[in-house]
Structures are given as structure tokens and as C-alpha cells.
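**Q** Structure here, sequence nowhere to be found:
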């Protein structure tokens, strides 16, 4: 059943989530406190949609005209929240910014609306007004959400279980993979694993052991090749658990302890090299931003097609040969 969705925040995740819900058949309203960001969101959604059509992931009927009919970009929060069923919070990972936004949402949103935070690490529930708690949860997507299928779903401490079921069914109906977690933990599962990998990468960078290119080469041609097929736990089964058992008991390697900075990353940030949107990060990214995202998406689509054909031997959707 189609619903009315408000997406709050038109940045990297917000504009892409607006596209996902629109493709799912839902009526979407998108807002941001920056008109420049709203304008850019329109162009990024058009480019992403054109790529999906070109690669055969969606039908040619999904045109730019259809997109702008299905996704309305609005400059004010009150207009955006009027008569909506689902409110997707996709703003900056700052607790005070989120608290302020949730307070504004509480004043303007319909009582029946479900609040879904896309937060990656912050616990949003202490920031949400008490009277909204029974209909508040996390629905956390991954970039780009129109291609990456995993959605973490976490109930708030007072959330009605029926709302969690509703959210999981909504996600599944859009062809995505809901992962309903027992409790909120910062980073969920995938981001926690990614954080562990990043911590090691930061140490290798700062100690001069490896360059960004060398780290990515090791991931792409080592870890990444087998992970879609056997994950981590099934990979251990294929290797033999004795290998891990002995490594844990006799290994000399110690993972890096958590820390709050990376010297290499600090220097990049100070130089304004903040990533693709800025034209540079660990790598130089010259040229049109939308074209760079389209080039990434083209490769992800090709990978998804291959994975659909070969299947996986791990996870909840594993195929048994």
C-alpha cells in the first residue's frame, strides 16, 4: 500500500532515500534548510534514476518527469510534514541538531506518523519527545540505498512492536532486506564491522605501512571477492574453525585500540579534502560529481546482477546447492 513519506535532509542519504521511496510507489516530500542542497538533490536524483533505467534496474517509464511528480521538494518543514505517514530523519549526526529537529517535528507532524531515524551511530531515542516514542524507530540504510539492499530496523524502548513489523514489511515490499535487531547498538552490525576495518586502515596509514591505494587493493582483490559469496562466518566454516581457534589462542597480532582521531584523516580534513562531493579525499576526484556517482552505480549494478545469478552461501538469503 502506498504511503506519504517526508524525508528531512536532502544530503547524500536524504536525496537517495527520497528516490528509493518514490521507486517503491510512495508519494515523497523532501526538505532541507539549504535551497542549494535541494536544487542539487534534484540533479543527483535525476542522474541516479537515469543510471538505474540505463542498466535495466527500473523500467523506462521512470523518467525525470515522473520523478519530479513523485518527489516534491519543499523549502519549509511544516509543508513537508503535512498529512504524512512516515517521517525519515536524515540530517547530520549531531545530537543537538537532531533533538531540535525532533522537537519541531513533534509540533507539526500528524499524530499517526511514524518517525524513522537514519542515524548511523547516535542513539536517537533520548532525543525524541516522549509522546512520539511509541511510533519511533531506526530505519538505517546504506549508501547508495537504491542499490544497497540492507536496512537495519531497531525499535525504540517504547515502540509498539506492530510498528516494527510494519516497517519491515514496508522495506521488504520495496525489494530490500530488513534486518530487525533485538536492541540498539551504535553502528548496528555492518557499520561496526566496517569501523573495525577502518580502525586498522587508519593505523596502517598513520604508521606508513600502506597507502590508501594499497589498502583498497588488498580489500578489492582479497576480502571483497569472497565476502559476497561466503560472508565472514560461512568463510570460517569453509576454512575450518580450527584455523581461527588456533589464531586466537596463539596469534601475536593485536588489533588497534579504539581512538578518536587519525593523523592522516585530520590532515585531509584540514586541507578541505572531504571526499567526492569536495572533489578530493584520499583520492583526487575531478569532474562532475553526478557523473562520478553514476560511474560507481554502474559498477554496483553489474555486481548485483552477478550476485543475483550466482547466489550466496551466507546470510539469511543463502542458497543451498
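**A** Nice, thanks for sending it over. Worth saying up front: this structure is predicted, and the values here are computed from it rather than measured.
**Q** So residue 122 is in contact with residue 97, correct?
**A** No - in this structure residue 122 lies outside contact range of residue 97 using CB atoms under 8 Å: 10.1 Å. Using the backbone N, CA and C atoms, a C-beta is placed for each residue, glycine as well.
**Q** Just give me the neighbour total for residue 160.
**A** Residue 160: 16 surrounding residues under other CB atoms under 10 Å.
**Q** and the closest residue to residue 37 other than its chain neighbours, which of the three is it?
**A** By the measure of CB to CB, 6 or more residues apart in numbering, the closest residue to residue 37 outside its immediate chain neighbours is residue 10, 4.9 Å from it. Three-state assignment for residue 10 (DSSP: H, G, I helix; E, B strand; the rest coil): coil.
**Q** From residue 241, how far out is residue 247?
**A** The gap separating residue 247 from residue 241 is 10 Å, by CB to CB, to the nearest Å.
**Q** and if you look at residue 221?
**A** 25 Å.
**Q** returning to that earlier point: how close does the residue nearest to residue 37 get to residue 93?
**A** For residue 10 relative to residue 93 (CB to CB), the value is 16 Å.
**Q** what about these two, which has more around it?
**A** Shown here are residue 10 and residue 93; by other CB under 10 Å, residue 10 has more neighbours (29 against 11).
**Q** What values do phi and psi take at the more buried one?
**A** Residue 10 has phi and psi values of phi -110, psi 20 when expressed as degrees, to the nearest 10.
**Q** I'd say it and residue 41 touch.
**A** Yes - counting by CB under 8 Å, residue 41 is a contact partner of residue 10 at 3.9 Å.
**Q** Find the least confident helix or strand in this protein, judged by mean pLDDT.
**A** Least confident helix or strand of the chain, by mean pLDDT, DSSP states H and E, is helix 241-250 with a mean of 84.
**Q** which element follows that one toward the C-terminus?
**A** The first helix or strand that comes after helix 241-250 along the chain, using DSSP states H and E, is helix 263-270.
**Q** quick one, what contacts residue 120?
**A** Residue 120 sits next to 93, 140, 187, 191 when contact means CB atoms under 8 Å, 6 or more residues apart in numbering.
**Q** While we're on it, how confident is the model there?
**A** In this model, residue 120 is scored at 91, pLDDT.
**Q** Against residue 40, how distant is it?
**A** 21 Å.
**Q** and of the contacts of residue 120, the nearest to residue 49?
**A** Set against residue 49, the nearest of the contacts of residue 120 by CB to CB is residue 140 (22.8 Å).
**Q** what residues does whichever strand or helix holds the closest one touch?
**A** Assigned by DSSP H and E, residue 140 falls within strand 136-141. Outside strand 136-141, the residues that touch it by CB under 8 Å, 6+ apart are 13, 16-17, 20, 88, 114-120, 124-125, 128, 148, 150-156, 159, 163-164, 167, 171, 184, 188.
**Q** mind listing the strands in the stretch 1-150 of the chain by residue range?
**A** Per DSSP state E, counting those that start in this stretch, the stretch 1-150 of the chain carries strands over the ranges 4-8, 27-31, 71-74, 86-89, 114-117, 136-141, 150-155.
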